[in-house]
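Chemist: quick one: sequence plus predicted model below, questions after.
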Amino acid sequence: MDGTKAWAALVPPGAAHAFVDGDERLALTLLSRARDAQVPGSRGWAQLERLCGLVLIHILREVEGTFALERADACLDRLGGERPGLGWLEAAAGEAQA
């Protein structure tokens, strides 16, 4: 899934809004639930896993976050697709408001 519209479809609006509003733990919970609903090893799973990792690092859980990034990036290297950054959450929050 690539492109802003796809990001908005992949990222739960509640997770995006929670992150933008500063509630990183809620964002992580919602992203984790969305990731768990994806097929493990799929592009969507990897992109959500990467976002989870970035949020973990953002809340100073660097070790867990780094492992999540390694898992996600290995899948994305194999499957192709964009590597999301925290900007995806901000973009998804903006898309949900539009």
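Modeler: Perfect, I can see it now.
Chemist: so residue 88 touches residue 48, yeah?
Modeler: No - using CB atoms under 8 Å, residue 88 is not in contact with residue 48, being 9.8 Å away. For glycine as for every other residue, the C-beta is placed from the backbone atoms N, C-alpha and C.
Chemist: more crowded one of those two?
Modeler: Set side by side, residue 88 and residue 48 show more neighbours around residue 48, with 27 against 24, by other CB atoms under 10 Å.
Chemist: what sits against that one?
Modeler: 10, 11, 31, 34, 35, 38 (CB atoms under 8 Å, 6 or more residues apart in numbering).
Chemist: hmm, which two among these are most spread apart?
Modeler: Greatest spatial distance among these (CB to CB): 11 and 38, at 11.8 Å.
Chemist: who has more neighbours out of the two?
Modeler: A count of neighbours by other CB under 10 Å puts residue 11 above the other of residue 11 and residue 38, at 27 against 16.
Chemist: for this protein, what are the low-confidence residue spans?
Modeler: 1-8, 96-98 (pLDDT under 70).
Chemist: now with 50, please.
Modeler: Along the chain, the parts satisfying pLDDT under 50 run over 1.
Chemist: tell me which element the residue nearest the centre of the chain is part of?
Modeler: Nearest to the geometric centre of the chain sits residue 51, at 2.7 Å (CA atoms, centre = their mean). Residue 51 is part of helix 43-58, with elements assigned from DSSP states H and E.
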